[in-house]
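A.B. asks: Next come a sequence and a model predicted from it.
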Amino acid sequence: MAQNGAQVLKEKLLSIISDKNMQVGIAVIIDGKDTLVINDDRRYPMMSVFKFHQALAVVDYMERHDLPLSTPIYVDAADMKPDTYSPLRDRYPSGGEFTIAELLTYTLQLSDNNACDILFGYTGGVGATDAFVRALGYRNFAITATEADMHRDMLLCYDNWTFPLDSATLLEALVCGRILSDAGRQFIVETMIGCDTGKNRLLAPLQSEPVVVGHKTGTGDRNDHGRIIGCNDIGFVMLPNGHRYTIAVFVKDSAESESDTSRIIADISAAVYDYVKTL
């Protein structure tokens, strides 16, 4: 990253977030080597971004137990919790038999909360996911609460946290093939490319561009102070000129509207893309 260009980009990003009533953390890794961070010194609630971490742990679990992602499991109707976001439940309210790959697709592409907790139950809970990521060498994060836990107590959303760079480097490790098998890595990458949530965030300025984008969003409710607990998006972008980058944007305790909060992430995404495409 050219020093002058990097400084211009950083100043642009700072100007985007400077007058906003929220905390914003940003991490960008360009071509696997050049790194830019802003406000990477505090904890940001991950919300459903932790489903990316979970997906890595689930695929690792399956590989260690020599089980294919096509392995079916039976889901009881009692696991289809009614008071949570769950396209899986909406389609199959009585439960049924689903493959691990199907459940991962629901979590990564649709951010399904019931599918998430079903997978936690299958692979050893949140502790197993946290331990797996820590074993990879990451420390600036924590995963301690399930979706059901966070719905019972909103404050637990703050206990599933990350620094932006930790999430960006974890995603970078996946994209570069440093973790999981080729087949497992490719499954997660391709599933993230099909993500159907948060199209008004990282993806917004890129939809008409000749790029490949995979991402995972996280969205929280408003806390007792009327602030959005978390509005997040992490992703990778591959350009036709051979350049690529990984980006993580976390917004904490936003007092803005949901649309304005998401627009901040879109504006950050546009600024980073405009810089990388000129390299």
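C.D. replies: Now that the structure is in, tell me what you want to look at. Numbering: from 1, shown residues only.
A.B. asks: quick one: Ile268 and Val249 touch, right?
C.D. replies: Yes - contact criterion C-beta atoms under 8 Å: Ile268 and Val249 qualify, at 5.4 Å. All C-beta atoms are positioned from the backbone trio N, CA, C, and that covers glycine.
A.B. asks: just so I have it, where are all the helices in this protein?
C.D. replies: Per DSSP state H, the chain carries helices over the ranges 3-17, 50-64, 87-91, 100-110, 113-123, 125-135, 147-152, 164-175, 182-193, 258-276.
A.B. asks: From Ile193, how far off is the closest residue to Leu171 other than its chain neighbours?
C.D. replies: Excluding its sequence neighbours, the residue lying closest to Leu171 (C-beta to C-beta, 6 or more residues apart in numbering) is Thr246, at 5.1 Å. Per C-beta to C-beta, to the nearest Å, Thr246 is found 14 Å from Ile193.
A.B. asks: Could you do Glu97 as well?
C.D. replies: 26 Å.
A.B. asks: neighbour-wise, which of those two wins?
C.D. replies: Ile193 (16 against 10; other C-beta atoms under 10 Å).
A.B. asks: which ones are touching that one?
C.D. replies: Neighbour list for Ile193: 212-214 [criterion: C-beta atoms under 8 Å, 6 or more residues apart in numbering].
A.B. asks: Is it possible to get TSV of these that adds distance to Gly230 and pLDDT?
C.D. replies: Listed next are the contacts of Ile193 as TSV, based on distance: C-beta to C-beta, whole Å; pLDDT from 0 to 100:
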residue	distance to Gly230	pLDDT
Val212	26	98
Val213	21	98
Gly214	20	98
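A.B. asks: Report the contact partners of Gly32.
C.D. replies: 172, 176, 244.
A.B. asks: Now, of the contacts of Ile193, which are buried?
C.D. replies: 213-214 (16 or more other C-beta atoms under 10 Å).
A.B. asks: so Ile247 touches Leu202, yeah?
C.D. replies: Yes - between Ile247 and Leu202 there is a contact under C-beta under 8 Å: 6.6 Å.
A.B. asks: what do the two both touch?
C.D. replies: In contact with both Ile247 and Leu202: 234-235, 237, 269, using C-beta under 8 Å, 6+ apart.
A.B. asks: Let me know the closest of the residues you listed to Asn21.
C.D. replies: Ser269 (20.4 Å; C-beta to C-beta).
A.B. asks: Skip the chain neighbours and tell me the closest residue to the closest one.
C.D. replies: Closest residue to Ser269 apart from its sequence neighbours, by C-beta to C-beta, 6+ apart: Leu202 at 4.5 Å.
A.B. asks: So what's the residue count around that neighbour?
C.D. replies: For Leu202, the count of nearby residues is 31 (other C-beta under 10 Å).
A.B. asks: Check Thr219 too.
C.D. replies: Thr219, neighbours per other C-beta under 10 Å, totals 22.
A.B. asks: Give the bridge partners for it, please.
C.D. replies: Under DSSP bridges, the beta-bridge partners of Thr219 are Cys231.
A.B. asks: Please flag which of the shared contacts of Ile247 and Leu202 sit within strands.
C.D. replies: Among the shared contacts of Ile247 and Leu202, the ones falling in strands (DSSP state E) are 234-235, 237.
A.B. asks: Compile those into JSON lines and extend it with columns for neighbour count and distance to Met150.
C.D. replies: Shown next, in JSON lines, are these (neighbours: other C-beta atoms under 10 Å; distance: C-beta to C-beta, whole Å):
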{"residue": "Ile234", "neighbour count": "27", "distance to Met150": "19"}
{"residue": "Gly235", "neighbour count": "27", "distance to Met150": "23"}
{"residue": "Val237", "neighbour count": "25", "distance to Met150": "29"}
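A.B. asks: Closest to Thr278 out of the residues you listed?
C.D. replies: Val237 (14.1 Å).
A.B. asks: List the contacts of the residue nearest in space to the middle of the chain.
C.D. replies: In the chain, the residue lying closest to the centroid (C-alpha atoms, centre = their mean) is Val49, at 3.1 Å. By C-beta under 8 Å, 6+ apart, the contact set of Val49 is 162, 167, 216-218, 232-234, 250.
A.B. asks: farthest-separated two in those?
C.D. replies: For the contacts of Val49, and using C-beta to C-beta, no pair is farther apart than Thr162 and Thr217, which are 13.8 Å apart.
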